[in-house]
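Engineer: no sequence for this one, just the structure:
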């Protein structure tokens, strides 16, 4: 039976952790390891602090899930490549590499939720048009990121997230 590598990556509620799940089908008794390469829009690999390997190791002994803690210090659009290593790969149609473009937006969503809590405490913010426009802009940038991901455009997806980050970093002027 052919081996077909498959995975998902999900940003945790805290915004900084990524959970990877291996959903591969088929089998290859000669698999030796998995490697994760999360490529940023500048083509560099996003790695946890202190990682000098050039990739994120996902040992088979770790099971089908791996949590990478603290990887996302901000929201990123990432072209995530997972490579399954085999000492004796099966012939096609087996696949041992898969790349998926993701837009990770949890930090922006957490920021928006915090602003909604402010709105509950200060309903008068509804009268502040600038506050409303900036909040809408954050929603818009999340949507822009999703659309760029749909069109496989890593660069535009990251630009949308960077614009959202700029609004959030200037919180005291924008909200």
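Structural biologist: In hand now; what should we look at? Being a predicted model, the structure only gives us computed values, none of them experimental.
Engineer: against which helices or strands is the helix of greatest length in the chain packed?
Structural biologist: When the chain is parsed with DSSP state H, its longest helix is helix 129-150. If you count contacts as 3 or more CB pairs under 8 Å, 6 or more residues apart in numbering; DSSP states H and E, helix 129-150 packs onto strand 76-86, strand 97-104, helix 106-121, helix 154-169, helix 171-174. Quick note: C-beta positions are derived from backbone N, CA and C, even for glycine.
Engineer: most tightly packed of these?
Structural biologist: Burial of those is given as mean neighbour count (mean count of other CB atoms under 10 Å); strand 76-86 ranks first at a mean of 21.
Engineer: centre of the chain to that one, how far?
Structural biologist: Put simply, strand 76-86 sits 11 Å off its chain's centre (CA atoms, centre = their mean, to the nearest Å).
Engineer: repeat for stretch 158-175
Structural biologist: The mean C-alpha position of stretch 158-175 is separated from the chain mean by 18 Å, CA atoms, centre = their mean.
Engineer: mean confidence score for that stretch?
Structural biologist: For stretch 158-175, the mean per-residue pLDDT is 94.
Engineer: excluding chain neighbours, what is closest to the most centrally placed residue in the chain?
Structural biologist: Most central in the chain under CA atoms, centre = their mean is residue 104, positioned 3.6 Å from the mean C-alpha point. In this structure, residue 104 finds its nearest non-sequential neighbour in residue 11, 4.3 Å apart by CB to CB, 6 or more residues apart in numbering.
Engineer: next, the angle from the longest helix of the chain to strand 97-104.
Structural biologist: Per axes from the mean of the first three to the mean of the last three CA atoms, to 10 degrees, the angle that helix 129-150 makes with strand 97-104 is 170 degrees.
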